[in-house]
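Asker: With the input below, show me the fold.
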Amino acid sequence: MNLKIVKADLNRGIIKRKNLYIAILLVIVFLGIITVMMVENKIDSGRYNGQVSLGDIILLFYKGSLIVNPNNVNSFYISEQYLFMSLCIIFAVGNYAQKDIYGIGMQVIVRCQKIKQWYLSKIIWCIVNSIAINIAIIVTLVILCLLSRYKLTFGIHEELLSLCGFEKITVSKTVETIFLIGVIIPFLSTMAIMIVQMVLSLVLSPVISILFVMTETVATVFSRSGIFLSNGLMCRRNANFYPNGTSSLGIMVCAIIEIAIALVVGYIYLNKIDMMSEKES
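Answerer: Take a look at the predicted model:
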């Protein structure tokens, strides 16, 4: 793989779009503050007087909504964190890949004589995006925990989470389980959503890919199925906290399968375009 292509791609796709990423960072900070304010409200009102941990704050940040009954419109609810994080993911991908292939990316493809390196570079771009967003979230929440003098541990507190809407909770949840639900799964889900959106923007169009992800974001509110990748961004409905909720293993397997399918579909499609252009020339 040509590292120069990757570096140039990250420069065009991230550095030159820095204003977008600054906006995303500000949204993350804002959502983190809202999460801490929710906890502080419980403490100030006297409803909770125990300890608070980083694990609690992460789970509350990714709380999301309970599974909504489609027959009960009044129960429809999308948390601020879930909604705005979904929008951050959508705008981070945007139309960059589709725009690039008809711009500088075309020069890269012509020079390499193959579309494979350009496509691999876009996959790496999605992965870097996912890593950057999730690191920004964790760092933001750690800083807010330090400022609020919360414990920097992944231990959780049943009473606090119950007050904030979690249902099936036991304090025996291991650190590994909380780390998996609050860090690994959101990262994997974010990466899967970005890759699927990126491929759809190439195969169909950026507008359709955005509409697809937005539809998936809303549809997920009504289902616990791991097929809906956004379920990984809502800890509250995980099977560890919600009766018959989303399986951690299920959401990870579905994410990996959907990533693989998207990558294969994108590669086949782009190779056909490449062959067509060679034939026409």
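Asker: Now do the SS call for the closest residue in space to Val218 that isn't next to it in sequence.
Answerer: Leaving aside its sequence neighbours, Val218 sits nearest to Ile78 (Cβ to Cβ, 6 or more residues apart in numbering; 7.6 Å). Glycine gets a C-beta too; all of them are placed from N, C-alpha and C. Of the three states, Ile78 takes coil under DSSP: H, G, I helix; E, B strand; the rest coil.
Asker: Ile78 is in contact with Lys63, isn't it?
Answerer: No: using Cβ atoms under 8 Å, Ile78 makes no contact with Lys63, being 11.1 Å away.
Asker: Give me the buried stretch members for stretch 12-22, please.
Answerer: Arg12, Gly13, Ile14, Tyr21 (16 or more other Cβ atoms under 10 Å).
Asker: In helices, which of those fall?
Answerer: Judged by DSSP state H, these include Arg12, Gly13, Tyr21 as members of helices.
Asker: wait, isn't the last one in contact with Gly13?
Answerer: Okay, so that is Tyr21. No: shown here, Tyr21 and Gly13 do not form a contact pair, counting by Cβ under 8 Å, at 10.1 Å.
Asker: Report how many residues lie close to the residue nearest to Val218.
Answerer: Neighbourhood size, Ile78 [other Cβ atoms under 10 Å]: 17.
Asker: Give the full set of residues in contact with Gly250.
Answerer: Ser225, Gly226 (Cβ atoms under 8 Å, 6 or more residues apart in numbering).
Asker: Pull out the buried positions in the helix or strand hosting it.
Answerer: Applying DSSP states H and E as the criterion places Gly250 in helix 248-280. Buried positions in helix 248-280, judged by neighbour count with 16+ other Cβ under 10 Å: 248, 251-252, 254-255, 258-259, 262-263, 266-267, 269-270, 274.
Asker: before we move on, what about stretch 135-145?
Answerer: Of all the residues in stretch 135-145, those buried under the rule 16+ other Cβ under 10 Å are Ala136, Ile137, Ile138, Thr140, Leu141, Val142, Leu144, Cys145.
Asker: any idea how far Ala255 is from Ser223?
Answerer: Applying Cβ to Cβ, to the nearest Å, the value for Ser223 to Ala255 is 15 Å.
Asker: er, Phe166 I mean
Answerer: Look at Phe166 and Ala255: by Cβ to Cβ, they are 23 Å apart.
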